[in-house]
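> what's the 3D shape of this:
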Amino acid sequence: MYHVLPIRNFSIYLGAIVVLSSIVAWSALSQGVLTLCLLEENSMAGPIPRLSPGDPNSYSRPDLVKVTKIDLDLDVDFDRHILFGTASLDIQRINSTADSLVLDAKDLTIKQVKDEVGSILAHTLDVPLGSFGSKLTIALKITSATVVIEYETSPNATGLQWLNPQQTSGKTHPFLFSQCEAIHCRSVLPCQDTPAVKAPYTATVRVPKEIVVLMSAQRKNVSETEGVYKFEQSVPIPAYLIAIVAGKLDSRVIGDRSRVWAEPDVVEKAAYEFAETDDFLKAAESLAGPYVWGNYDILVLPPSFPFGGMENPCLTFATPTLLAGDRSLTFVIAHEIAHSWTGNLVTNANFEHFWLNEGFTVFLERKINGRLYGEQSRQFAAIGGWNDLEEVVNTLGADNEFTKLNPDLTGSDPDDAFSSIPYEKGSVFLWYLSDIVGNEDFEEWLKTYIKHFQYQSIQTEDFKTHLLNYFKDHRMADKLDQVEWDTWLHGKGLPPYKPSYDYTLAEACTALKNRWVDWIKDGMPQPAPFSPLDIRKFSSMQVVEFLVQIFAENIPEEAIKQMEKAYALNDNHNSEIRLRWMRLCIQGRWKEQVSPALDYATSQGRMKFVRPIFRDLYGWEEMRQKAIDAYYAHKDQWMYMTAYAVAKDLHLEEKKD
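Got it, this is the predicted structure:
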């Protein structure tokens, strides 16, 4: 997933003692067998403990019984905003004495559970615990090899976004899409919702006839006249990569292995924007090895999608904010393509090791950039990443637990820990190691690492052991032995090393920034010595870099108005430029720009763009209530993750379901 900007540490606490005195609910089944839904007595106050030995955020126990395959048979109900049907789970007893299967479930209605021969299996669904949902325990028979769970989702499922026709571009049909990372798949289906478990899946999905269904899998059979779609994902994946979309969609071929999907009135623009996808794929393969997923399609979602992209196998989800018209923001697609190896093939075992997904992917994404556009381009992108890293550390605080590469997520939803830290600090760590052993040798190791750990879920210690063993006879082995591993992995704040970046492409940005600073120091004499020629030869990302640098100078409102007069930035609709420009206007307290800034922030749901605007306006006391009013007016149009995060940024402390 392409990263979002930082948020504060909001570990989940049980704020009061909850006492549920042996409440037991029974429901009779037609076969005369009773299913037990146990709401255990709960007298816990204080931090939530680790939910299982292998994953602080999952109840599941794959060390006892593991899910090895998932088969979904689902109907999409747009009227009720639910999915309903069955999830059939093939299982393997890891511990031969285990007599139950433990799953994660969030706001699911479990109707009944059977085995492969139709015998009813008793189950318990514990009281939900914060945002983690409930532990679903299914009693197994000695012969049980498959568990078939009949269920339906909640209209408020945190992993699903339901849009009415007016919220779509075409405004004629409803729309559904999912976002299961980090721990939201449990709201879509009962599963072992930990990245430690990887399983293939198949699915049959029924929808109204005019609706198209796509999933993170290969389409195997389509009956559009009957509205039935069948899918198969043969490569084992973690639950968070299960994805579904249903809506009025069209597609265009953009490469030998790729199509772009979008609403009909957006698809041509998307096809132009992502025409370089094949080049990205070939560059990635040269760095990471063969692409094993078959097709690589891109889906452009409606604006409420909360991320830049999501690396769902076979079907990357992308935000429409990437459609700049000049292909300047397609680095996000390079990032999602890189995830096909780092994250999807080699996966973090739990989200305390999230940097193994994202730090490696940023490193690989920028390698792709360098292969296609030259080393200076890679270096320039890394400079922007370092700027993001400094901002996130300043925002979170250098002593924050979530500034570690390996944070402790006991009692914390991984959503609360999301920031640029695992992306940028992780990438810098790999850059540092590459500087030690040499670029070519490190690239060769990267291929070996991916091949060795593909189809597996690993922890940081696995990476470290493999790296040191690979380079044990290398001429720089003694330097690797001197790496401050504990500082890098468990230290807070900025990393202990900053690469010596090539600032060639940033020099023009710095020179222009200095001209503005000097003019301001001189009292802003008129006529101002600035014109559109200043940035005419800049790339879009050089304009971004200039705005980032000038933001650090905290320039006055009068200077910002002069900048608008010279560069007409209000008319620039590149989303990355627009974010930095709106933030600069807010910083300078230009009141007339507040409404356009809020219009920009509420016109889409990408957290990278929404949250900084609201966070900055919260810091402007005069405009704080206006930001809060805008939040309440638009929160229902956003996906759950965005609405929850912005509420935290505005200190509204809304309860996380």
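> Which strands and helices lie in contact with the stretch of helix or strand A270 belongs to?
If you go by DSSP states H and E, A270 is part of helix 267-273. On a contact count with 3 or more Cβ pairs under 8 Å, 6 or more residues apart in numbering; DSSP states H and E, helix 267-273 meets strand 250-253, strand 259-262, strand 297-300. C-beta here means a position set from N, CA and C on the backbone, and glycine is covered the same way.
> Make CSV out of those and add mean pLDDT and distance to I436.
Converted to CSV, the helices and strands packed on helix 267-273 look like this (pLDDT from 0 to 100; distance: least, Cβ to Cβ, whole Å):
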stretch, mean pLDDT, distance to I436
strand 250-253, 98, 44
strand 259-262, 98, 40
strand 297-300, 98, 36
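> Go through the helix holding A270 and flag the buried ones.
267, 270-271, 273 (16 or more other Cβ atoms under 10 Å).
> mind saving the C-alpha coords of that helix as CSV?
What follows is helix 267-273, C-alpha atoms only, in CSV (Å, rounded to 0.1, in the frame of the first residue of the first chain):
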residue,chain,number,x,y,z
VAL,A,267,-11.3,4.7,-18.3
GLU,A,268,-9.8,6.5,-21.3
LYS,A,269,-8.0,9.0,-19.1
ALA,A,270,-6.8,6.1,-16.9
ALA,A,271,-5.5,4.1,-19.9
TYR,A,272,-3.4,7.1,-20.9
GLU,A,273,-2.0,7.7,-17.4
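> quick one: buried residues of the helix or strand just after it?
Per DSSP H and E, the first helix or strand lying C-terminal to helix 267-273 is helix 277-288. Counting neighbours by 16+ other Cβ under 10 Å, one finds that the buried residues in helix 277-288 are 277, 280-281, 283-284, 287-288.
> can you check stretch 643-657 too?
Residues of stretch 643-657 classed as buried: 643-650, 656-657 (neighbour count, 16+ other Cβ under 10 Å).
> How far off centre is that stretch?
18 Å (Cα atoms, centre = their mean, to the nearest Å).
> picking up where we left off before, quick one, which of the helices and strands packed on helix 267-273 is nearest to G159?
Proximity to G159, assessed across the helices and strands packed on helix 267-273 by Cβ to Cβ, is greatest for strand 297-300 (16.3 Å).
> packing partners for the closest one?
strand 259-262, helix 267-273, strand 315-318.
> can you rerun that using 6 Å?
Where contact means 3 or more Cβ pairs under 6 Å, 6 or more residues apart in numbering; DSSP states H and E, strand 297-300 is packed against strand 259-262, strand 315-318.
> Quick one: residues contacting F360.
By Cβ atoms under 6 Å, 6 or more residues apart in numbering, F360 lies in contact with T342.
> Determine the three-state secondary structure at it.
Secondary structure state of F360, per DSSP: H, G, I helix; E, B strand; the rest coil, is helix.
> start at 2 instead
Okay, residue one is now 2; in that scheme the one you just asked about reads as F361.
> Distance-wise, check it relative to W342.
8 Å (Cβ to Cβ, to the nearest Å).
> And the helices in the stretch 352-501 of the chain?
356-374, 376-397, 415-418, 427-438, 440-454, 461-471, 478-482, 486-491 (DSSP state H, counting those that start in this stretch).
> remind me which residues of the stretch 302-451 of the chain are low pLDDT?
Within the stretch 302-451 of the chain, the set of residues satisfying pLDDT under 70 is empty.
> Please tabulate the helices and strands packed on helix 268-274 in JSON lines, including the columns distance to L90.
Listed next are those as JSON lines, based on distance: least, Cβ to Cβ, whole Å:
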{"stretch": "strand 251-254", "distance to L90": "32"}
{"stretch": "strand 260-263", "distance to L90": "29"}
{"stretch": "strand 298-301", "distance to L90": "27"}
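> K70 sits in which helix or strand?
Using DSSP H and E, K70 falls in strand 66-78.
> hmm, back to that, out of the helices and strands packed on strand 298-301, which is the most enclosed?
Most buried of the helices and strands packed on strand 298-301 by mean neighbour count (mean count of other Cβ atoms under 10 Å) is strand 316-319; its value is a mean of 27.
> Between helix 376-397 and the helix or strand just after it, find me the angle.
Downstream of strand 316-319, the next assigned helix or strand under DSSP H and E is helix 332-339. Angle of helix 332-339 versus helix 376-397, following axes from the mean of the first three to the mean of the last three Cα atoms, to 10 degrees, is 90 degrees.
> which one of the helices of the stretch 352-501 of the chain lies closest to L102?
L102 sits nearest to helix 415-418 of all these, at 23.4 Å, using Cβ to Cβ.
> can I get the CA coordinates of that closest one in CSV?
Extracted as CSV, the C-alpha positions of helix 415-418 are listed here (Å, rounded to 0.1, in the frame of the first residue of the first chain):
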residue,chain,number,x,y,z
PRO,A,415,-2.1,-1.3,13.1
ASP,A,416,-4.1,1.5,11.6
ASP,A,417,-3.0,3.7,14.5
ALA,A,418,0.7,2.9,13.7
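> I would like the residues contacting that helix, please.
Applying Cβ under 6 Å, 6+ apart, the contact partners of helix 415-418 are 11, 183, 352, 403, 408.
> Work out for me the element the second one sits within.
A183 belongs to no helix or strand when elements are defined using DSSP H and E.
> That one against F352, yeah?
Yes - between A183 and F352 there is a contact at 5.4 Å, judged by Cβ atoms under 6 Å.
> of these two, who's got more company?
F352 (27 against 22; other Cβ atoms under 10 Å).
> residues near the closest residue to Y498 other than its chain neighbours, how many?
Distances taken as Cβ to Cβ, 6 or more residues apart in numbering put Y433 closest to Y498, at 4.8 Å, once the chain neighbours are dropped. If you count neighbours by other Cβ under 10 Å, Y433 ends up with 16.
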